[in-house]
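*Asks:* I need the structure of the sequence given here:
(2 chains)
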Amino acid sequence: DAMVIQNPRYQVTQFGKPVTLSCSQTLNHNVMYWYQQKSSQAPKLLFHYYDKDFNNEADTPDNFQSRRPNTSFCFLDIRSPGLGDAAMYLCATSRDRGRPHEQYFGPGTRLTVT
Amino acid sequence: AQSVTQLGSHVSVSEGALVLLRCNYSSSVPPYLFWYVQYPNQGLQLLLKYTSAATLVKGINGFEAEFKKSETSFHLTKPSAHMSDAAEYFCAVSDQAGTALIFGKGTTLSVSS
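*Replies:* Below you'll find the predicted structure:
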């Protein structure tokens, strides 16, 4: 089945220690998104890639970076995690940009910062 | 700007009862609306979407939603709740550019036997 895969499902990192979260997709979609979802809150878009074009949301902290080396993979790098970065990180894809393309979500990576 | 308001952060129903989860939207352009479900420690699964075709949209697992422009609403319903429906439900609207999904704060549905 075509799908969005996130690894690992659970990640523990230390305060200030860089961490990378991984997302891959077998849908061959052009767009890949990263959302942050804090406990009991709605998902919030951090950034997205349209093909190789990176698009950052205005309020995404500089501490968050992303890479998309090819169509299938996208990475979220947190350079210096703080306690406030503990959250579920959701990767999503859509076939194209523009309305009304729906987004397909992966299972998420739950990040704990100690 | 687009926004979504979900009325009621927590809804409790008995098994077999009607499920009604409320969503109101604000949009400066004709909206595209979505309902997603999230089970504990999992990602979001699309239940249904409205994309300006039929106003009554049928989704998976027996859910449906009706788009009412006059009320700026897109409420989610299911005639008979099942225990497996217990989850978090998010209503979302596509932003004007069609890039981001703007989510409501979510409604937790509890189903009791």
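*Asks:* Excluding chain neighbours, what is closest to residue 17?
*Replies:* In the absence of a named chain, chain A is used. Nearest non-adjacent residue to residue A:17, counting by C-beta to C-beta, 6 or more residues apart in numbering or on different chains: residue A:81, 6.7 Å away. For every residue, glycine as well, the C-beta is placed using N, CA and C.
*Asks:* Switch to chain B, please.
*Replies:* Setting aside the residues directly before and after it, residue B:17 is nearest to residue B:81 in space (C-beta to C-beta, 6+ apart), at 5.4 Å.
*Asks:* Which parts of chain A are strands?
*Replies:* A:4-7, A:10-13, A:19-25, A:31-37, A:44-50, A:53-56, A:64-67, A:73-78, A:87-94, A:104-105, A:109-113 (DSSP state E).
*Asks:* Reformat the ones you listed as CSV; add distance to chain B, mean neighbour count and mean pLDDT.
*Replies:* Shown next, in CSV, are the strands of chain A (distance: least, C-beta to the nearest C-beta, whole Å; neighbours: other C-beta atoms under 10 Å in any protein chain shown; pLDDT from 0 to 100):
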stretch, distance to chain B, mean neighbour count, mean pLDDT
strand A:4-7, 8, 18, 94
strand A:10-13, 9, 14, 96
strand A:19-25, 11, 19, 97
strand A:31-37, 8, 24, 95
strand A:44-50, 4, 20, 94
strand A:53-56, 7, 14, 94
strand A:64-67, 15, 17, 96
strand A:73-78, 14, 19, 97
strand A:87-94, 6, 24, 95
strand A:104-105, 4, 22, 92
strand A:109-113, 7, 18, 96
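*Asks:* Pull the contacting residues for residue A:18.
*Replies:* By C-beta atoms under 8 Å, 6 or more residues apart in numbering or on different chains, the contact set of residue A:18 is A:77-81.
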